[in-house]
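Q: Structure for this input, please:
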Amino acid sequence: MKYIFILFAMSSFMLCAQTPQPGILDMRARAEMIDDMLEDRIDNLLPTLMRREGIDMWVIISREYNEDPVMRTMLPSTWLNARRRTIMVFFDPGNGEPIEKIAIARYAVGRLLKGEWDIDVYPNQWEALLNLIESKDPKQIGINQSDYFGLADGLVHTEYETFMKVLSPDLRSRVVSAERLAIAWLETRSDKELAIYPMICRLGHSILQQSLSEKVIHPGITTTADVVWDLRQRVSDLGLDTWFHPTVSIQRYDPDNLDHLRTFSKRPDQRIIQPGDLLHVDFGITYLRLNTDQQQHFYVLKPGEHDVPAALQEAFKKANRLQDILTSKFDEGLTGNEILKASLEQAKQEGIVASIYTHPIGVHGHAAGPAIGMWDQQGGVKGTGDYPLYQNTAYSIELNAASEIEEWGKVVRIMLEEDGVFTKDGFEFLDGRQEQIFCIPRKN
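A: The predicted structure follows:
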């Protein structure tokens, strides 16, 4: 398995050196890689997280087609859903011993969790779970409940009530929320995941370069919807997935049309692309259970133009500067709200009209972890914004900077989003970032 992983990493690097798009694994190879990374996470990452959060037993319960978001990330590649009622139990015996990985289910969960429900001894599944808990005698029993993080709130009401009824009063007193453990599991990226994440981001960038180009866009004919569906089709043709429907929007010289004031929900579904338009795209893919979220800008050259107007390029530089300000504030232990406040204050000092709405990314697009603003909550985000920054976590650096464009007689927003990772060495973008507006057609 290690050989497959290393071979894939090498082949991707070589393909990237020759073409703008990395190679994509077939389904069987993807499954092998997913299982390899999942086993590595459970064996090497989960024990550290359980000990950090002080939970020695984590119980995750779901029924088929109503899976806890955390459980879905723990299912092997060949399990597309839980089966019947699946109960996962992770127990840390202490003294540095490996954690025990147990499934109270009719099936072992792939090769990851050993099935330990002997129906001849315990005909009732809940009795089998109770016997296990009593035999391990945990200090704290973590369950997935959370007021603010939906991804950590996966234990449904019916299962919770049944579980609590089964437990003795003593065991019930040990039940605690596993919110922080669930978030930690979802947000923390392993070394193997970080090794492939840049390639996944490169895939997203390469698809954008193809769809937002003269190969697809013919001014006066092509609509924004045409580009959106071209993106969707390319992703499908590559055997990948999109985790949200892309958007393509236009800002243009039209003083009476205040594009920048539209909310996300009020953008028109379709507009014809014209010369002189500044296009904005929001796009994300899913590959090997990891997600991207990318926003970039493209300018449609007018006849006789050879480059993007200088005023738009200057506006773009402000947005790049805002990215730098935000990522310079990343420091382990600071909360999302603290990072947001410090970033907006510095942006204001530098004369940048800023809005920041950055979010974690990983096994979910809008992932678990600290929210660093929302587009309609620039004073901080209650709950999710109070969560601190940890190392080896990934973020979509999503924001915008507004600039007055005199030639257009209006304000233009440069809305950027690029994926990056925060480690002990600080923050870096996984596949670089857009540093100038791309032309359509591309300059030779």
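
Q: Could you list the domains of the chain?
A: As given by automatic domain parsing, the domain ranges for the chain are 2-185, 193-440.

Q: Over the shortest one, what's the mean pLDDT, rounded is fine.
A: Across domain 2-185, the average pLDDT comes to 86.

Q: Most tightly packed of the domains of the chain?
A: Ranked by mean neighbour count, these are led by domain 193-440 with a mean of 18 (mean count of other C-beta atoms under 10 Å). Backbone N, C-alpha and C define where each C-beta goes, glycine included.

Q: What average pLDDT does it get?
A: Domain 193-440 shows a mean pLDDT of 95.

Q: Pull up the distance across it, start to finish.
A: Domain 193-440 has its terminal residues 34 Å apart, counting by C-alpha to C-alpha, to the nearest Å.

Q: list the contacts for the spatially most central residue of the chain?
A: Closest to where the C-alpha atoms of the chain average out (C-alpha atoms, centre = their mean) is Ile361, at 2.2 Å. Taking C-beta atoms under 8 Å, 6 or more residues apart in numbering, we find Ile361 in contact with 291-293, 367, 394-396, 419.

Q: show me where the stretch 251-400 of the chain has strands.
A: Taking DSSP state E, counting those that start in this stretch as the test, the strands found in the stretch 251-400 of the chain are 278-283, 285-287, 290-291, 294-300, 353-356, 359-360, 393-405.

Q: got it, and the stretch 101-250 of the chain?
A: Using DSSP E, counting those that start in this stretch, strands in the stretch 101-250 of the chain cover 114-115, 141-143, 175-177, 241-242, 247-251.

Q: want to throw these into JSON lines with distance to Gly333?
A: Output for the strands of the stretch 101-250 of the chain, formatted as JSON lines (distance: least, C-beta to C-beta, whole Å):
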{"stretch": "strand 114-115", "distance to Gly333": "37"}
{"stretch": "strand 141-143", "distance to Gly333": "22"}
{"stretch": "strand 175-177", "distance to Gly333": "21"}
{"stretch": "strand 241-242", "distance to Gly333": "34"}
{"stretch": "strand 247-251", "distance to Gly333": "35"}
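
Q: right, and those - which one's nearest Thr162?
A: strand 141-143 (12.1 Å; C-beta to C-beta).

Q: which residues touch that closest one?
A: Counting by C-beta under 8 Å, 6+ apart, residues outside strand 141-143 touching it are 53, 55, 57-61, 133, 155, 160, 163, 171, 174-178, 181.

Q: try stretch 196-214
A: The list of residues contacting stretch 196-214 from outside it, by C-beta under 8 Å, 6+ apart, reads 8-9, 12, 16, 20-22, 24, 33, 189, 216, 227, 230-231, 234-235, 238, 240, 248, 279, 281, 283-285, 287-288, 290, 292, 294, 296, 298, 394, 419, 421, 430-431, 438, 440-442.

Q: What are the boundaries of the helices in the stretch 301-444 of the chain?
A: Secondary structure of the stretch 301-444 of the chain (DSSP state H, counting those that start in this stretch): helices at 310-328, 336-349.

Q: Using TSV, please lay out these together with distance to Ile42.
A: Shown next, in TSV, are the helices of the stretch 301-444 of the chain (distance: least, C-beta to C-beta, whole Å):
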stretch	distance to Ile42
helix 310-328	31
helix 336-349	27
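
Q: quick one, which of these is nearest to Glu116?
A: Among the helices of the stretch 301-444 of the chain, helix 336-349 comes nearest to Glu116, with 39.6 Å by C-beta to C-beta.

Q: follow-up on the earlier one: quick one: which of the contacts of strand 141-143 sit in helices?
A: 53, 133, 160, 163, 171, 181 (DSSP state H).

Q: Contact partners for the residue nearest to the residue nearest to the centre of the chain when sequence neighbours are not counted?
A: Leaving out its chain neighbours, the residue that sits closest to Ile361 by C-beta to C-beta, 6 or more residues apart in numbering is Ser396, at 4.7 Å. Contacts for Ser396 (C-beta under 8 Å, 6+ apart) come out as 293-294, 358-361, 417-419.
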